[in-house]
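[1] have a look at this prediction, sequence included:
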Amino acid sequence: MIIMEGQDSAKPREKKGNPTLKADIMVALKNGPMNRDKLVHALKVPRTTIYDALKRLMIEGDVKKSPFYTETQHRGRPTINFSIIERKDNQDVKNT
């Protein structure tokens, strides 16, 4: 590993991701739950980029994933849909 002058090797850089992509995903999910393929086609972004952004949004607590089961269950894995986690406005307010 090469350490450049002025870099602190003890602190790893945190990867923030693409803020505009995160915003685009949130806008797309406001219309309802979507799976990864629909997001890829809607946003015209590579699949791996969508995966990384969704992972970051889940870690931040903005998006949740859930399996989508139908009455006519097909073989194989269920489709995974992503949706926005609705937050209450009073979450951060403390009663004194």
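    Received it, and whenever you're ready, just let me know what you need.
[2] for the chain, give me the ranges with low pLDDT.
    Per-residue confidence of the chain (counting by pLDDT under 70) places the weak regions at 1-17, 69-74, 88-96.
[3] contacts for stretch 46-55, please.
    Surrounding stretch 46-55, the residues in contact under the criterion Cβ atoms under 8 Å, 6 or more residues apart in numbering are Gly17, Asn18, Leu21, Lys22, Ile25, Arg36, Leu39, Val40, Leu43, Val63, Lys65, Phe82. From N, CA and C alone the C-beta is placed, and that goes for glycine too.
[4] for the fourth one, give me phi and psi.
    This means Lys22. In this entry, Lys22 is assigned phi and psi values of phi -60, psi -40 (degrees, to the nearest 10).
[5] so it makes contact with Ile59?
    No. With contact defined as Cβ atoms under 8 Å, Lys22 and Ile59 do not form a contacting pair (11.4 Å).
[6] neighbour-wise, which of the two wins?
    For Lys22 versus Ile59, neighbours defined as other Cβ atoms under 10 Å are more numerous around Lys22 (18 against 10).
[7] in stretch 44-60, which residues are buried?
    Burial within stretch 44-60, assessed by neighbour count using 16 or more other Cβ atoms under 10 Å, is assigned to Val45, Ile50, Ala53, Leu54, Arg56, Leu57.
[8] make JSON lines from the residues you listed and add distance to Glu86 and secondary structure to it.
    As requested, these are exported to JSON lines (distance: Cβ to Cβ, whole Å; DSSP: H, G, I helix; E, B strand; the rest coil):
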{"residue": "Val45", "distance to Glu86": "25", "secondary structure": "coil"}
{"residue": "Ile50", "distance to Glu86": "22", "secondary structure": "helix"}
{"residue": "Ala53", "distance to Glu86": "20", "secondary structure": "helix"}
{"residue": "Leu54", "distance to Glu86": "17", "secondary structure": "helix"}
{"residue": "Arg56", "distance to Glu86": "19", "secondary structure": "helix"}
{"residue": "Leu57", "distance to Glu86": "14", "secondary structure": "helix"}
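[9] may I have whichever strand or helix holds Ile25 as PDB, with CA atoms only?
    For Ile25, the host element (DSSP states H and E) is helix 19-29. Written as PDB, here are the backbone C-alpha positions of helix 19-29 (Å, rounded to 0.1, in the frame of the first residue of the first chain):
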ATOM      1  CA  PRO A  19     -26.000  10.800  -4.200                       C
ATOM      2  CA  THR A  20     -27.900  11.500  -7.400                       C
ATOM      3  CA  LEU A  21     -28.400   7.800  -8.000                       C
ATOM      4  CA  LYS A  22     -29.700   7.300  -4.500                       C
ATOM      5  CA  ALA A  23     -32.200  10.200  -5.100                       C
ATOM      6  CA  ASP A  24     -33.300   8.700  -8.400                       C
ATOM      7  CA  ILE A  25     -33.900   5.400  -6.800                       C
ATOM      8  CA  MET A  26     -36.000   7.000  -4.000                       C
ATOM      9  CA  VAL A  27     -38.100   8.900  -6.600                       C
ATOM     10  CA  ALA A  28     -38.600   5.600  -8.500                       C
ATOM     11  CA  LEU A  29     -39.700   3.800  -5.400                       C
END
